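[1] kindly generate the corresponding structure for this input.
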Amino acid sequence: MSQQRVVISNFTLILTGVLFFAGVLLWQLQSLIIVLMISIVLASALAPTVNAAERLGLPRFLAVIFVYLVLIAGFTGAGVLIGPTVVEQIQRLIRKLPSYLETLRLLAQDLALRFGVTDAETLDPINRLFDTKALTSWLIRSSQQLLVRSYGVTRGIIGGFVSVILAIVLSGYMLSGSRRLIRGMINLIPSPWDAQLETQVHPVAQRMGGYIQGRVLVSAILGVVITISLRILGISEFALGLGAIAGITNLIPFFGPVLGAIPAVIVATANGGWTVLWVLLLFVVIQNVETYVLDPLLVGNTVRLHPLYQLLAVIGGAQVLGILGALIVPPWVAGGATLVENLYLKPKMLGKESSNPSSSTPLPVKSGQ
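    Numbering: from 1, shown residues only. Here you go, the predicted model:
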(Lines give C-alpha, C1' and ligand atoms only; values in the text may rest on other atoms or scores of the structure.)
Protein backbone atom coordinates (compact mmCIF):
# COMPACT_ATOMS: atom_id res chain seq x y z
CA MET A 1 0.00 0.00 0.00
CA SER A 2 1.54 3.28 -1.14
CA GLN A 3 1.75 6.19 1.26
CA GLN A 4 1.39 9.80 0.20
CA ARG A 5 3.75 12.33 1.69
CA VAL A 6 2.62 15.88 2.32
CA VAL A 7 5.42 18.31 1.58
CA ILE A 8 5.18 21.85 2.92
CA SER A 9 7.54 24.26 1.21
CA ASN A 10 9.53 26.91 3.01
CA PHE A 11 7.57 29.58 1.13
CA THR A 12 4.28 28.21 2.51
CA LEU A 13 5.66 28.25 6.06
CA ILE A 14 6.96 31.79 5.68
CA LEU A 15 3.69 32.99 4.16
CA THR A 16 1.68 31.37 6.97
CA GLY A 17 3.87 33.01 9.57
CA VAL A 18 3.63 36.41 7.91
CA LEU A 19 -0.17 36.16 7.69
CA PHE A 20 -0.40 35.09 11.33
CA PHE A 21 1.69 37.99 12.59
CA ALA A 22 -0.16 40.38 10.26
CA GLY A 23 -3.45 39.23 11.79
CA VAL A 24 -2.10 39.73 15.33
CA LEU A 25 -0.80 43.18 14.37
CA LEU A 26 -4.14 44.20 12.86
CA TRP A 27 -5.94 43.00 16.00
CA GLN A 28 -3.66 45.11 18.16
CA LEU A 29 -4.18 48.11 15.88
CA GLN A 30 -7.96 47.77 15.71
CA SER A 31 -8.50 51.16 17.33
CA LEU A 32 -6.32 52.86 14.73
CA ILE A 33 -8.05 50.96 11.92
CA ILE A 34 -11.46 52.14 13.12
CA VAL A 35 -10.18 55.72 13.30
CA LEU A 36 -8.88 55.40 9.73
CA MET A 37 -12.25 54.04 8.59
CA ILE A 38 -14.01 57.03 10.15
CA SER A 39 -11.45 59.41 8.64
CA ILE A 40 -11.95 58.04 5.14
CA VAL A 41 -15.74 58.31 5.48
CA LEU A 42 -15.45 61.92 6.67
CA ALA A 43 -13.02 62.79 3.89
CA SER A 44 -15.32 61.23 1.29
CA ALA A 45 -18.31 63.18 2.63
CA LEU A 46 -16.47 66.52 2.66
CA ALA A 47 -14.55 66.09 -0.61
CA PRO A 48 -17.25 67.65 -2.86
CA THR A 49 -17.44 70.76 -0.66
CA VAL A 50 -13.63 71.08 -0.57
CA ASN A 51 -13.47 70.67 -4.35
CA ALA A 52 -16.09 73.40 -4.76
CA ALA A 53 -14.10 75.74 -2.50
CA GLU A 54 -10.94 74.93 -4.44
CA ARG A 55 -12.66 75.81 -7.73
CA LEU A 56 -13.31 79.28 -6.28
CA GLY A 57 -9.56 79.89 -6.34
CA LEU A 58 -8.50 78.79 -2.85
CA PRO A 59 -5.42 76.59 -2.47
CA ARG A 60 -6.28 73.03 -1.51
CA PHE A 61 -5.11 73.25 2.11
CA LEU A 62 -6.89 76.59 2.61
CA ALA A 63 -10.06 75.13 1.13
CA VAL A 64 -9.88 72.27 3.66
CA ILE A 65 -9.33 74.68 6.56
CA PHE A 66 -12.18 76.91 5.36
CA VAL A 67 -14.64 73.99 5.12
CA TYR A 68 -13.73 72.67 8.57
CA LEU A 69 -14.02 76.15 10.13
CA VAL A 70 -17.45 76.61 8.57
CA LEU A 71 -18.60 73.23 9.88
CA ILE A 72 -17.23 73.88 13.36
CA ALA A 73 -18.89 77.31 13.42
CA GLY A 74 -22.19 75.80 12.24
CA PHE A 75 -22.22 73.05 14.86
CA THR A 76 -21.13 75.47 17.57
CA GLY A 77 -23.85 77.95 16.63
CA ALA A 78 -26.52 75.24 16.56
CA GLY A 79 -25.31 73.97 19.93
CA VAL A 80 -25.47 77.42 21.45
CA LEU A 81 -28.91 78.20 20.01
CA ILE A 82 -30.81 74.97 20.64
CA GLY A 83 -28.42 72.84 22.70
CA PRO A 84 -29.49 74.05 26.18
CA THR A 85 -33.18 73.72 25.29
CA VAL A 86 -32.72 70.21 23.89
CA VAL A 87 -30.79 69.06 26.96
CA GLU A 88 -33.31 70.63 29.34
CA GLN A 89 -36.27 69.02 27.57
CA ILE A 90 -34.64 65.60 27.47
CA GLN A 91 -33.78 65.81 31.18
CA ARG A 92 -37.35 66.81 31.98
CA LEU A 93 -38.63 63.93 29.85
CA ILE A 94 -36.44 61.46 31.76
CA ARG A 95 -37.75 62.78 35.08
CA LYS A 96 -41.35 62.39 33.93
CA LEU A 97 -40.83 58.97 32.34
CA PRO A 98 -41.88 56.97 35.45
CA SER A 99 -45.21 58.79 35.66
CA TYR A 100 -45.76 58.33 31.93
CA LEU A 101 -45.09 54.61 32.21
CA GLU A 102 -47.48 54.36 35.14
CA THR A 103 -50.16 56.05 33.05
CA LEU A 104 -49.51 53.60 30.22
CA ARG A 105 -49.75 50.68 32.64
CA LEU A 106 -53.14 51.85 33.93
CA LEU A 107 -54.39 52.37 30.38
CA ALA A 108 -53.27 48.89 29.37
CA GLN A 109 -54.94 47.36 32.45
CA ASP A 110 -58.16 49.26 31.75
CA LEU A 111 -58.13 48.08 28.14
CA ALA A 112 -57.59 44.48 29.25
CA LEU A 113 -60.47 44.70 31.73
CA ARG A 114 -62.76 46.04 29.01
CA PHE A 115 -62.04 42.92 26.99
CA GLY A 116 -62.88 40.76 30.00
CA VAL A 117 -59.33 39.88 31.03
CA THR A 118 -59.29 39.71 34.81
CA ASP A 119 -56.94 36.86 35.77
CA ALA A 120 -53.65 37.80 37.38
CA GLU A 121 -51.55 35.63 35.02
CA THR A 122 -52.57 37.79 32.06
CA LEU A 123 -52.33 41.13 33.86
CA ASP A 124 -48.92 40.37 35.37
CA PRO A 125 -47.02 40.66 32.04
CA ILE A 126 -48.65 44.05 31.49
CA ASN A 127 -47.45 45.23 34.89
CA ARG A 128 -43.94 43.96 34.17
CA LEU A 129 -43.92 45.59 30.71
CA PHE A 130 -44.51 49.05 32.17
CA ASP A 131 -42.54 48.53 35.38
CA THR A 132 -40.15 51.44 35.59
CA LYS A 133 -37.34 49.61 37.34
CA ALA A 134 -37.50 46.59 35.04
CA LEU A 135 -37.71 48.74 31.92
CA THR A 136 -34.87 50.97 33.07
CA SER A 137 -32.74 47.92 33.83
CA TRP A 138 -33.46 46.48 30.37
CA LEU A 139 -32.64 49.76 28.66
CA ILE A 140 -29.37 50.06 30.57
CA ARG A 141 -28.37 46.49 29.70
CA SER A 142 -29.25 46.94 26.03
CA SER A 143 -27.44 50.27 25.81
CA GLN A 144 -24.39 48.85 27.55
CA GLN A 145 -24.21 45.98 25.07
CA LEU A 146 -24.03 48.47 22.21
CA LEU A 147 -21.81 50.98 23.96
CA VAL A 148 -19.38 48.40 25.33
CA ARG A 149 -18.49 47.36 21.79
CA SER A 150 -17.73 50.97 20.94
CA TYR A 151 -16.00 51.35 24.32
CA GLY A 152 -13.72 48.44 23.46
CA VAL A 153 -12.66 50.27 20.32
CA THR A 154 -12.36 53.79 21.70
CA ARG A 155 -11.04 52.86 25.17
CA GLY A 156 -13.57 54.88 27.13
CA ILE A 157 -14.97 58.38 26.99
CA ILE A 158 -11.61 60.17 26.92
CA GLY A 159 -10.30 57.72 24.34
CA GLY A 160 -13.44 58.24 22.29
CA PHE A 161 -12.99 62.02 22.34
CA VAL A 162 -9.34 61.67 21.32
CA SER A 163 -10.35 59.26 18.55
CA VAL A 164 -12.87 61.75 17.19
CA ILE A 165 -10.29 64.55 17.15
CA LEU A 166 -7.74 62.22 15.53
CA ALA A 167 -10.27 61.16 12.90
CA ILE A 168 -11.01 64.81 12.06
CA VAL A 169 -7.31 65.67 11.80
CA LEU A 170 -6.55 62.61 9.64
CA SER A 171 -9.49 63.35 7.34
CA GLY A 172 -8.15 66.90 6.93
CA TYR A 173 -4.73 65.54 5.94
CA MET A 174 -6.39 63.12 3.52
CA LEU A 175 -8.35 65.93 1.88
CA SER A 176 -5.42 68.34 1.61
CA GLY A 177 -3.03 65.76 0.15
CA SER A 178 -5.49 63.36 -1.43
CA ARG A 179 -3.93 63.32 -4.89
CA ARG A 180 -0.39 62.56 -3.69
CA LEU A 181 -1.70 60.06 -1.13
CA ILE A 182 -3.78 58.17 -3.69
CA ARG A 183 -0.95 58.16 -6.22
CA GLY A 184 1.48 56.80 -3.61
CA MET A 185 -0.88 53.98 -2.64
CA ILE A 186 -1.67 53.12 -6.26
CA ASN A 187 2.05 52.83 -7.06
CA LEU A 188 2.31 49.99 -4.53
CA ILE A 189 -0.21 47.88 -6.48
CA PRO A 190 1.15 45.71 -9.31
CA SER A 191 0.05 46.19 -12.91
CA PRO A 192 -2.53 46.06 -14.43
CA TRP A 193 -4.54 46.42 -11.21
CA ASP A 194 -3.02 49.80 -10.42
CA ALA A 195 -4.64 51.53 -13.40
CA GLN A 196 -7.99 49.84 -12.80
CA LEU A 197 -8.09 50.72 -9.11
CA GLU A 198 -7.03 54.30 -9.79
CA THR A 199 -10.12 54.79 -11.95
CA GLN A 200 -12.31 53.50 -9.09
CA VAL A 201 -11.11 55.92 -6.41
CA HIS A 202 -13.54 58.67 -7.40
CA PRO A 203 -16.70 56.51 -7.76
CA VAL A 204 -15.97 54.70 -4.47
CA ALA A 205 -15.42 57.97 -2.60
CA GLN A 206 -18.50 59.44 -4.28
CA ARG A 207 -20.74 56.62 -3.06
CA MET A 208 -19.28 56.57 0.45
CA GLY A 209 -19.57 60.32 0.78
CA GLY A 210 -22.99 60.36 -0.86
CA TYR A 211 -24.30 57.90 1.70
CA ILE A 212 -23.20 60.07 4.65
CA GLN A 213 -24.36 63.30 3.01
CA GLY A 214 -27.76 61.79 2.25
CA ARG A 215 -28.31 60.36 5.71
CA VAL A 216 -27.30 63.58 7.46
CA LEU A 217 -29.53 65.67 5.19
CA VAL A 218 -32.52 63.33 5.58
CA SER A 219 -32.07 63.23 9.37
CA ALA A 220 -31.87 67.03 9.58
CA ILE A 221 -35.01 67.45 7.49
CA LEU A 222 -36.96 64.92 9.54
CA GLY A 223 -35.76 66.43 12.83
CA VAL A 224 -37.05 69.86 11.82
CA VAL A 225 -40.34 68.50 10.44
CA ILE A 226 -41.00 66.39 13.55
CA THR A 227 -40.23 69.31 15.88
CA ILE A 228 -42.65 71.64 14.06
CA SER A 229 -45.32 68.93 13.76
CA LEU A 230 -45.18 68.05 17.47
CA ARG A 231 -45.58 71.72 18.35
CA ILE A 232 -48.67 71.89 16.15
CA LEU A 233 -50.07 68.73 17.78
CA GLY A 234 -49.76 70.23 21.26
CA ILE A 235 -46.57 68.56 22.56
CA SER A 236 -44.57 71.78 22.60
CA GLU A 237 -43.16 70.94 26.04
CA PHE A 238 -40.85 68.30 24.53
CA ALA A 239 -41.08 69.10 20.80
CA LEU A 240 -37.47 70.20 20.30
CA GLY A 241 -36.02 67.40 22.41
CA LEU A 242 -38.14 64.73 20.70
CA GLY A 243 -37.26 66.16 17.28
CA ALA A 244 -33.56 66.05 18.13
CA ILE A 245 -33.86 62.44 19.32
CA ALA A 246 -35.70 61.44 16.14
CA GLY A 247 -33.17 63.25 13.94
CA ILE A 248 -30.15 61.64 15.61
CA THR A 249 -31.59 58.13 15.69
CA ASN A 250 -32.59 58.46 12.04
CA LEU A 251 -28.90 58.41 11.12
CA ILE A 252 -29.20 54.63 11.64
CA PRO A 253 -31.23 53.20 8.76
CA PHE A 254 -34.27 50.94 9.32
CA PHE A 255 -34.13 50.85 13.14
CA GLY A 256 -33.43 54.53 13.84
CA PRO A 257 -36.86 55.89 12.84
CA VAL A 258 -38.62 53.37 15.08
CA LEU A 259 -36.37 54.20 18.04
CA GLY A 260 -36.97 57.91 17.49
CA ALA A 261 -40.76 57.46 17.41
CA ILE A 262 -41.02 55.57 20.72
CA PRO A 263 -40.46 58.55 23.10
CA ALA A 264 -42.94 60.73 21.20
CA VAL A 265 -45.61 57.99 21.24
CA ILE A 266 -45.11 57.46 25.00
CA VAL A 267 -45.55 61.19 25.70
CA ALA A 268 -48.59 61.42 23.42
CA THR A 269 -50.23 58.35 24.99
CA ALA A 270 -49.68 59.66 28.50
CA ASN A 271 -51.21 63.02 27.54
CA GLY A 272 -54.40 61.25 26.51
CA GLY A 273 -57.05 62.24 24.00
CA TRP A 274 -56.61 61.96 20.26
CA THR A 275 -53.01 63.15 20.40
CA VAL A 276 -51.57 59.65 20.30
CA LEU A 277 -53.43 58.84 17.07
CA TRP A 278 -52.20 62.03 15.43
CA VAL A 279 -48.62 61.35 16.56
CA LEU A 280 -48.77 57.78 15.27
CA LEU A 281 -50.15 59.05 11.97
CA LEU A 282 -47.39 61.68 11.86
CA PHE A 283 -44.61 59.11 12.21
CA VAL A 284 -46.26 56.72 9.76
CA VAL A 285 -46.47 59.49 7.15
CA ILE A 286 -42.90 60.63 7.85
CA GLN A 287 -41.61 57.06 7.60
CA ASN A 288 -43.29 56.58 4.22
CA VAL A 289 -42.05 59.94 2.95
CA GLU A 290 -38.53 59.01 4.01
CA THR A 291 -38.70 55.53 2.48
CA TYR A 292 -40.32 56.42 -0.83
CA VAL A 293 -39.25 60.04 -1.40
CA LEU A 294 -36.27 61.29 0.62
CA ASP A 295 -34.12 58.14 0.69
CA PRO A 296 -34.45 57.41 -3.07
CA LEU A 297 -33.92 61.09 -3.88
CA LEU A 298 -31.08 61.99 -1.50
CA VAL A 299 -29.44 58.61 -0.74
CA GLY A 300 -30.54 55.93 -3.18
CA ASN A 301 -29.66 57.71 -6.45
CA THR A 302 -26.12 58.32 -5.23
CA VAL A 303 -25.42 55.10 -3.35
CA ARG A 304 -27.43 52.63 -5.45
CA LEU A 305 -27.14 49.98 -2.75
CA HIS A 306 -29.91 47.42 -2.31
CA PRO A 307 -31.85 47.92 0.97
CA LEU A 308 -31.10 44.33 1.99
CA TYR A 309 -27.36 45.00 1.90
CA GLN A 310 -27.87 48.22 3.87
CA LEU A 311 -29.83 46.28 6.49
CA LEU A 312 -27.15 43.58 6.75
CA ALA A 313 -24.46 46.27 7.02
CA VAL A 314 -26.31 47.98 9.88
CA ILE A 315 -26.89 44.71 11.76
CA GLY A 316 -23.34 43.46 11.20
CA GLY A 317 -21.80 46.80 12.15
CA ALA A 318 -23.88 46.98 15.33
CA GLN A 319 -22.92 43.42 16.26
CA VAL A 320 -19.19 44.13 15.90
CA LEU A 321 -18.80 47.80 16.82
CA GLY A 322 -22.08 48.76 18.46
CA ILE A 323 -23.66 52.11 17.53
CA LEU A 324 -20.42 53.22 15.91
CA GLY A 325 -20.51 50.25 13.55
CA ALA A 326 -24.13 50.90 12.57
CA LEU A 327 -23.04 54.36 11.41
CA ILE A 328 -19.73 53.72 9.60
CA VAL A 329 -20.07 50.19 8.16
CA PRO A 330 -22.88 50.93 5.62
CA PRO A 331 -20.83 53.53 3.66
CA TRP A 332 -17.96 51.04 3.46
CA VAL A 333 -20.36 48.41 2.13
CA ALA A 334 -21.53 50.96 -0.45
CA GLY A 335 -17.92 51.57 -1.49
CA GLY A 336 -17.21 47.85 -1.69
CA ALA A 337 -20.33 47.34 -3.80
CA THR A 338 -18.96 49.93 -6.24
CA LEU A 339 -15.74 47.94 -6.69
CA VAL A 340 -17.65 44.70 -7.21
CA GLU A 341 -19.96 46.34 -9.72
CA ASN A 342 -17.30 48.13 -11.76
CA LEU A 343 -14.49 45.57 -11.63
CA TYR A 344 -16.47 42.32 -11.81
CA LEU A 345 -20.16 42.60 -12.71
CA LYS A 346 -19.92 45.11 -15.57
CA PRO A 347 -16.93 43.37 -17.27
CA LYS A 348 -18.74 40.05 -16.85
CA MET A 349 -21.87 41.38 -18.54
CA LEU A 350 -19.82 42.96 -21.35
CA GLY A 351 -18.02 39.65 -21.85
CA LYS A 352 -21.31 37.80 -22.16
CA GLU A 353 -22.65 40.33 -24.64
CA SER A 354 -19.52 40.14 -26.78
CA SER A 355 -19.49 36.31 -26.77
CA ASN A 356 -23.24 36.04 -27.54
CA PRO A 357 -24.08 38.27 -30.53
CA SER A 358 -27.70 39.29 -30.83
CA SER A 359 -29.87 36.81 -32.65
CA SER A 360 -31.80 39.70 -34.13
CA THR A 361 -28.88 40.63 -36.42
CA PRO A 362 -30.04 39.92 -39.97
CA LEU A 363 -28.12 37.46 -42.06
CA PRO A 364 -26.54 38.76 -45.26
CA VAL A 365 -28.65 38.09 -48.34
CA LYS A 366 -26.86 36.99 -51.50
CA SER A 367 -27.75 38.70 -54.70
CA GLY A 368 -29.90 36.72 -56.99
CA GLN A 369 -31.83 34.88 -54.26
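
[2] and S191, what element?
    Following DSSP states H and E, one finds S191 outside all helices and strands.

[3] wait, E198
    Short version, using DSSP H and E: E198 is in helix 193-232.

[4] tell me which helix or strand comes right after that helix.
    Following helix 193-232 in sequence, per DSSP H and E, is helix 239-249.

[5] state the mean pLDDT of that next one.
    Regarding helix 239-249, the rounded mean pLDDT is 90.

[6] which stretches in the protein count as helices?
    Along the chain, the segments classed as helices by DSSP state H run 10-28, 30-55, 60-114, 120-129, 132-154, 156-176, 178-187, 193-232, 239-249, 256-271, 275-289, 301-303, 307-340, 346-355.

[7] buried ones in the second one?
    This means helix 30-55. Buried positions in helix 30-55, judged by neighbour count with 16 or more other CB atoms under 10 Å: 31, 34-47, 49-50, 53-54. Where you see a C-beta, it was placed from the backbone N, CA and C, and this is true even at glycine.

[8] centroid residue for this protein?
    Centroid-nearest residue in the chain: L327, 3.0 Å away (criterion: CA atoms, centre = their mean).

[9] which ones are touching that residue?
    By CB atoms under 8 Å, 6 or more residues apart in numbering, the residues touching L327 are L251, I252, G317.

[10] does the last one touch L311 like I think?
    In this case it means G317. No: with contacts counted by CB atoms under 8 Å, G317 stays clear of L311, the gap being 10.8 Å.

[11] which residues do those two both contact?
    With CB under 8 Å, 6+ apart, G317 and L311 have no common neighbours.

[12] which one's more surrounded, the two?
    G317 (22 against 14; other CB atoms under 10 Å).

[13] need the contact list for that one.
    L324, G325, A326, L327, I328, V329, P330.

[14] what does R180 give?
    Contacts of R180 by CB under 8 Å, 6+ apart: none found.

[15] how near is it to N288?
    46 Å (CB to CB, to the nearest Å).

[16] burial of L282, as a residue count?
    Counted by other CB under 10 Å, the residues lying close to L282 total 20.

[17] any idea how far A268 is from it?
    For L282, the distance to A268 - CB to CB - is 9 Å.

[18] what do you get for L298?
    28 Å.

[19] from the neighbour counts alone, determine which of these two ranks first.
    When L298 and A268 are compared on other CB under 10 Å, the one with more neighbours turns out to be A268, at 26 against 19.

[20] list residues touching both of L282 and A268?
    The contact lists of L282 and A268 share L233, where a contact means CB under 8 Å, 6+ apart.

[21] what helices or strands is the helix holding E198 leaning on?
    helix 30-55, helix 178-187, helix 239-249, helix 256-271, helix 275-289, helix 301-303, helix 307-340 (3 or more CB pairs under 8 Å, 6 or more residues apart in numbering; DSSP states H and E).

[22] could you list every residue that touches S176?
    S176 touches R60, F61, V64, counting by CB under 8 Å, 6+ apart.

[23] which non-adjacent residue is nearest the second one?
    I take that to be F61. For F61, ignoring the flanking residues on the chain, the nearest one in space by CB to CB, 6 or more residues apart in numbering is S176 at 4.5 Å.

[24] swap in F66?
    Closest to F66 by CB to CB, 6+ apart is A53, at 5.6 Å.

[25] please name the residues that touch the one you found.
    Contacts of A53 (CB under 8 Å, 6+ apart): A63, F66, V67.

[26] which residues does the last one contact?
    Going back to what we said before, that points to V67. L46, T49, V50, A53 are the contacts of V67 under CB under 8 Å, 6+ apart.

[27] so I221 sits against L294, correct?
    Yes: I221 lies in contact with L294 (CB under 8 Å); the separation is 6.7 Å.

[28] ends of stretch 51-64, what's the gap?
    Using CA to CA, to the nearest Å, one end of stretch 51-64 lies 9 Å from the other.

[29] all numbers from here: first residue = 886
    Noted, 886 is the first residue going forward, which turns the last one into stretch 936-949.

[30] now do Q1098: how many residues are near it, please.
    Neighbours around Q1098, by other CB under 10 Å: 20.

[31] for it, give me the pLDDT.
    Confidence score, pLDDT, at Q1098: 87.

[32] what about the stretch 986-1135 of the chain, any weak spots by pLDDT?
    Applying pLDDT under 70 to the stretch 986-1135 of the chain flags residues 997-998, 1000-1045.

[33] same thing but 90
    986-1103, 1118-1123, 1133-1135 (pLDDT under 90).

[34] what is the mean pLDDT for stretch 923-930?
    Rounded mean pLDDT across stretch 923-930 is 88.

[35] for stretch 951-971, same thing?
    Here the average pLDDT along stretch 951-971 is 90.

[36] which parts of it are buried?
    F951, V952, Y953, I967, V971.

[37] pull the most distant pair out of those residues.
    F951 and V971 (28.2 Å; CB to CB).

[38] T988 contacts A1153, correct?
    No: in this structure, T988 is not within contact of A1153 by CB under 8 Å, at 11.3 Å.
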